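Engineer: Structure, please.
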Amino acid sequence: AREHVRARRRRFEAVDAAKTVRITEQFMTAATTGDLEGLLSLLAPDATWTADSGGKTTAARRPVVGAEKVAAVLVNVFRMRRLDLRIEVVNCNHTPAMVVHGGDHLEGVFLVEITDGRISGIYAIRNPDKLVAVAVPRQISR
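Structural biologist: All right, here's what the predicted structure looks like:
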């Protein structure tokens, strides 16, 4: 950690918004159709899948590292889900994300981190307590 601080590099580089949306949409299509080769072409070799269920729903307990392993997790996640999934691409905390609805409830939010044009991290939020922030409409006023 000290070496990273001393290097004084920016942690995240500015990303082209159009490229980010394109990669996220390609990712969404590959993940939901079970296109393993498509997923592997989008994932960085050291891509990481991290899930948060809060112990209240199913999710990987530890991070999954490596493009092949992450792709396999994704294919299984979307294969096991019902056919009535509705997915939308949104911006969540300045990061592209997929909001996945199963029928009438929210299944999860999948944030996609892109580094050097490849997906380097996927964060699956499945903890119902945290999903409330996405599910409940909010009115913002000044």
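Engineer: and the longest helix for this structure?
Structural biologist: When the chain is parsed with DSSP state H, its longest helix is helix 17-33.
Engineer: then the lowest-mean-pLDDT helix or strand in the chain to CSV, C-alphas only?
Structural biologist: Every helix and strand of the chain was ranked by mean pLDDT, DSSP states H and E. The lowest is helix 2-7, at a mean of 73. Presented in CSV, the C-alpha positions along helix 2-7 are these (Å, rounded to 0.1, in the frame of the first residue of the first chain):
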residue,chain,number,x,y,z
ARG,A,2,2.8,2.4,0.8
GLU,A,3,4.4,1.8,-2.6
HIS,A,4,1.1,2.8,-4.3
VAL,A,5,0.9,6.0,-2.2
ARG,A,6,4.5,6.9,-3.0
ALA,A,7,3.9,6.3,-6.7
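Engineer: tell me which strands and helices the helix or strand just after the longest helix of the chain is in contact with?
Structural biologist: Using DSSP states H and E, the next helix or strand after helix 17-33 towards the C-terminus is helix 36-42. Secondary-structure packing of helix 36-42 (3 or more Cβ pairs under 8 Å, 6 or more residues apart in numbering; DSSP states H and E): helix 17-33, helix 67-80. Where C-beta positions appear, they are placed from N, C-alpha and C, glycine not excepted.
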